[in-house]
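> the following comprises the amino acid sequence and a computationally predicted model.
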Amino acid sequence: MDAKSSPTSTIFRSQSPSSSPLPPPPSVQAGLVVSPCAACKTLRRRCTEKCVLAPYFPPSDPLKFTIAHRIFGASNIIKLLQDLPESQRIDAVSSLVYEASARIRDPVYGCAGAISQLQKQINELQAELAKTQAELVNIHSHQTNLVALICKELAQTPPPVSPPDHHALDNNLNTAIPQSYTNLFEDSSIWEPLWT
């Protein structure tokens, strides 16, 4: 029997793509968004336009929902978001993801362990700061005492002897020479030559 004349081939030829309309792809159907959010993708359910989780768990970041879902569960997250006004939902999701991450890292203490560790670091830094400030006060006190001691020493030492002033010596010499000698030098008749 020829393949062209077989009954099955006639059935397939009768169903050409142009004769029967194909259903639209699931992402274009009414009531569905183009790409499912990370929450619906993880939960394997249809993501509608009214999905409460879609604005806060985008498909580009699936780990965000996985972490929160692992600790709190999808129903608790949905209930929490529905009970909050929209202005507070972004902060609530960030808090849920942070708390879930802390609980995964530290199953016993979770966020309380992280807060306790940070508080311990703050206390240690405050103690170190207080110690440094005390050392600065101590250094400032030593510096003040040293300056006072230097000033006291300078006040007790006698003033240094200044080197002789040559102009003052010349004036003293002029006053020490008697007037008769000075007249003698001024009288030019004495200095006439002795021979001619």
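Structure received. Residues are numbered from 1 along each chain as shown.
> after the lowest-mean-pLDDT helix or strand in the chain, next one along is what?
Lowest by mean pLDDT, DSSP states H and E among the helices and strands of the chain is helix 7-14, with a mean of 42. Taking DSSP states H and E as the definition, the helix or strand that follows helix 7-14 towards the C-terminus is helix 38-43.
> what are the contacting residues of that following helix?
By Cβ atoms under 8 Å, 6 or more residues apart in numbering, the residues outside helix 38-43 that reach it are 46-47, 51, 53-54, 57-62, 64-66, 69, 74, 77. Bear in mind the C-beta positions are built from the backbone N, C-alpha and C, glycine included.
> is it possible to mark the buried ones in those residues?
For the contacts of helix 38-43, burial is judged from neighbour counts taken by 16 or more other Cβ atoms under 10 Å, and it is met by 47, 51, 53-54, 57, 59, 64-65, 69, 74, 77.
> okay, helices next: where are they in this structure?
7-14, 38-43, 62-72, 74-83, 86-105, 111-156, 166-176, 179-186 (DSSP state H).
> tell me how far Ile77 lies from Ile150.
Computed as Cβ to Cβ, to the nearest Å, the Ile77 to Ile150 distance reads 73 Å.
> ditto for Thr66
The gap separating Thr66 from Ile150 is 71 Å, by Cβ to Cβ.
> what's the answer for Ser101, then?
In this view, Ser101 and Ile150 are 61 Å apart by Cβ to Cβ.
> out of these two, which sits in the busier spot?
Neighbours per residue, other Cβ atoms under 10 Å: of Ser101 and Ile150, the larger number sits with Ser101, 19 against 10.
> can you pull the contacts of the more buried one?
Residues counted as contacts of Ser101 (Cβ under 8 Å, 6+ apart) are Ile67.
> what residues are up against Val52?
By Cβ under 8 Å, 6+ apart, the neighbours of Val52 are 78, 81-82.
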